[in-house]
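**Q** give me the fold of what follows.
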Amino acid sequence: MNGSAFDNLFRIRPACPIDMSQILEVFNLAREQMYQSGNRSQWSVDYPSEQQLLKDIAEGYLYLCFSNNEFCAVFALIFGEDPTYRVIYEGEWLNDAPYATLHRVAGSGRVKGIGRFILDWCLERSQNLRVDTHADNGVMLHLLQSMGFRYCGIIYVANGTARLAFQKSL
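**A** Next up, the predicted model:
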């Protein structure tokens, strides 16, 4: 979204270990929002773990989003093959080209438009983007469909639970 109105509203930077308390707070807020909207099983109380988030930070995958200098969202953008995406059921990926994966998107709930901005930002960095979400995550499902992501099938994450898999290739 180069030159868009969003560019004036939002700013993204890599996360640092010193940000951890704020990151955990946003994940707690996002978990509560998921629970209230009927998505009660996508993230357990300990997901993502602090250890996973510190690993994401160390590998340069975790990003923070700010609106008017207020921290409002966190997400992981990971380039390269995602092991959980090797096998897809009841469908297929749009292509086998190199891709990035968007994981662990969490917002504070205080800022509108953040999900769309994050997806656009990720698509500027990888024109082949994959995302998965829980069947009960109506907010993310609506966002992905409204932004032209195509449903590709079902994948299973590390804990064995199913996720709906989407891809957009520009």
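
**Q** can you list contacts of stretch 104-122?
**A** Contact with stretch 104-122 is made by 1, 4, 6, 9-10, 12, 26-27, 29-30, 33, 48, 53, 56, 62, 65, 67, 70-77, 100, 102, 129, 131, 139-140, 143-144, 147, as judged by CB atoms under 8 Å, 6 or more residues apart in numbering. Backbone N, C-alpha and C define where each C-beta goes, glycine included.

**Q** mind checking which of the residues you listed are in strands?
**A** Counted as lying in strands by DSSP state E, out of the contacts of stretch 104-122, are 10, 12, 62, 65, 67, 70-77, 100, 102, 129, 131.

**Q** separate out the buried members of the residues you listed.
**A** 10, 62, 65, 67, 71-77, 100, 102, 129, 131 (16 or more other CB atoms under 10 Å).

**Q** between those residues, which sits nearest Lys168?
**A** Leu129 (5.3 Å; CB to CB).

**Q** isn't the closest one right up against Leu123?
**A** Yes - between Leu129 and Leu123 a contact is recorded at 5.6 Å, counting by CB atoms under 8 Å.
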